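Undergrad: Need a 3D model of the sequence below.
(one chain, ligands or ions: 1)
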Amino acid sequence: MEVLTLNSSFNPSGAPNGLQQNQTSALPAPTIVNTGILSKPVKAGLPQVPDYLHDWYNWAYLNPRSVQFLDHELIVATILWGNHNLLQRSAFAEIQPGQKVLQPACVYGNFSVALAQHIGAEGRLQISDVALIQVKRCRHKLRDFPQAAVRLADAAQPSGELYDAICCYFLLHEMPSDDRCRTVNALLGSIPPGGTATFIDYHKPCFAHPLKAVMNLIFRTLEPFAKDLWYEEIADFASAPGEFIWRKQTYFGELYQKVTAHRPKVG
Ligand SMILES: C[S@@+](CC[C@H](N)C(=O)[O-])C[C@H]1O[C@@H](n2cnc3c(N)ncnc32)[C@H](O)[C@@H]1O
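TA: Next up is the predicted model:
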């Protein structure tokens, strides 16, 4: 398989458009934009924590105490009913050593370190996350991997960079429909001909799945947008699905899915 643009414009500083939220001391003071009486002030140029993250996932990803508690391999394995290793292996099977890879959101535990090891010293791994606390933790985990960089960015905003492979692990189910569509399209727009985007996420469990009722309860109380993935195909979030070759595989009684979108080479 041909490897594309490995040495293109990979930026090990991880700065989005030249800015990093935790390096603002080296930057001119951010412009504060007043967006109206009811809205929070926005620092121009820096991604804002999306409302859904703030409203529904503060306890999981933004609160420092719970982040400290949750950011462990055992927690991820438990949340995924023991399927994390299987799903991670399945995601990595779509990625070749030496590729230039985007992981558009942090994942708790060792996922990003394992991905950096998987692509090897010749590969390039760009991780992004919209929450500064996650960016900082992930940078710390990857401090010994010069092939990896972590930046503050919203996955729904196109970065303008191209990647051989994109690995989107359990991000889409957290988003409301608009953000989800924008994210899928931003990611698909970041793969050149020959590249592949992989989405691992929830899926509608099969009839009589023993965990169906539990998952229903979890989604109803904690993850209000997740059940959209029970009824909608990831390919349907793409504005130009015909540009890609789609593959879908399900796991663990169909509770999880891997969807790949491959952009074929022209000619
Ligand atoms: C990938 S998801 C969930 C992964 C998995 N459940 C785990 O165990 O970590 C969690 C991450 O997504 C990030 N996130 C949510 N919305 C995002 C967005 N629009 N852009 C970038 N990162 C986002 C959160 O800040 C969080 O760090």
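Undergrad: so where do the strands sit in this protein?
TA: All strands of the chain, identified by DSSP state E, fall at 32-33, 42-43, 100-103, 124-129, 148-152, 165-169, 196-202, 245-251, 256-262.
Undergrad: Turn those strands into a markdown table, columns for mean neighbour count, distance to the ligand and mean pLDDT.
TA: (C-beta placed from N, C-alpha, C; glycine too.) Shown next, in a markdown table, are those (neighbours: other C-beta atoms under 10 Å; distance: least, C-beta to the nearest ligand atom, whole Å; pLDDT from 0 to 100):
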| stretch | mean neighbour count | distance to the ligand | mean pLDDT |
| --- | --- | --- | --- |
| strand 32-33 | 10 | 19 | 37 |
| strand 42-43 | 16 | 15 | 51 |
| strand 100-103 | 26 | 9 | 98 |
| strand 124-129 | 26 | 4 | 98 |
| strand 148-152 | 23 | 9 | 98 |
| strand 165-169 | 25 | 6 | 98 |
| strand 196-202 | 23 | 9 | 98 |
| strand 245-251 | 14 | 15 | 98 |
| strand 256-262 | 21 | 12 | 98 |
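Undergrad: Just put those strands in CSV and tack on distance to residue 65.
TA: Converted to CSV, the strands of the chain look like this (distance: least, C-beta to C-beta, whole Å):
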stretch, distance to residue 65
strand 32-33, 29
strand 42-43, 25
strand 100-103, 25
strand 124-129, 18
strand 148-152, 21
strand 165-169, 24
strand 196-202, 26
strand 245-251, 32
strand 256-262, 29
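Undergrad: quick one: low-confidence parts of the protein?
TA: Scanning the chain for pLDDT under 70 picks out the ranges 1-44.
Undergrad: on that earlier part again, among the strands of the chain, which is nearest residue 136?
TA: strand 148-152 (8.4 Å; C-beta to C-beta).
Undergrad: Between strand 124-129 and that closest one, find me the angle.
TA: Counting by axes from the mean of the first three to the mean of the last three C-alpha atoms, to 10 degrees, strand 148-152 lies at 30 degrees to strand 124-129.
Undergrad: Which strands or helices does strand 148-152 pack on?
TA: Strand 148-152 sits against helix 111-119, strand 124-129, helix 132-141, with contacts defined as 3 or more C-beta pairs under 8 Å, 6 or more residues apart in numbering; DSSP states H and E.
Undergrad: What parts of the stretch 51-200 of the chain come near the ligand?
TA: For the stretch 51-200 of the chain, the contact set with the ligand under C-beta under 6 Å from any ligand atom comprises 53, 61, 76, 79, 104-108, 128-131, 134, 154-156, 169-171, 174.
Undergrad: What is the end-to-end distance of stretch 230-242?
TA: Terminal residues of stretch 230-242 are spaced 22 Å apart (C-alpha to C-alpha, to the nearest Å).
Undergrad: Repeat that for stretch 74-86.
TA: 14 Å.
Undergrad: do the same with stretch 169-188
TA: Rule used - C-alpha to C-alpha; the end-to-end distance of stretch 169-188 is 15 Å.
Undergrad: Burial-wise, tell me which of the helices and strands packed on strand 148-152 comes out on top.
TA: Across the helices and strands packed on strand 148-152, averaging neighbours per residue (mean count of other C-beta atoms under 10 Å) puts strand 124-129 on top, at a mean of 26.
Undergrad: Who does it pair with, and is each partner parallel or antiparallel?
TA: strand 100-103 (parallel), strand 148-152 (parallel) (DSSP bridges).
Undergrad: Now distance to residue 57 too, for the ones you listed, in JSON lines please.
TA: Formatted as JSON lines, the strands paired with strand 124-129 follow (distance: least, C-beta to C-beta, whole Å):
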{"stretch": "strand 100-103", "distance to residue 57": "18"}
{"stretch": "strand 148-152", "distance to residue 57": "17"}
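Undergrad: list the contacts for the nearest residue to residue 145 once chain neighbours are set aside?
TA: Closest residue in space to residue 145, ignoring its immediate chain neighbours: residue 116 at 4.2 Å, by C-beta to C-beta, 6 or more residues apart in numbering. Counting by C-beta atoms under 8 Å, 6 or more residues apart in numbering, residue 116 touches 123, 125, 142, 145, 147-148.
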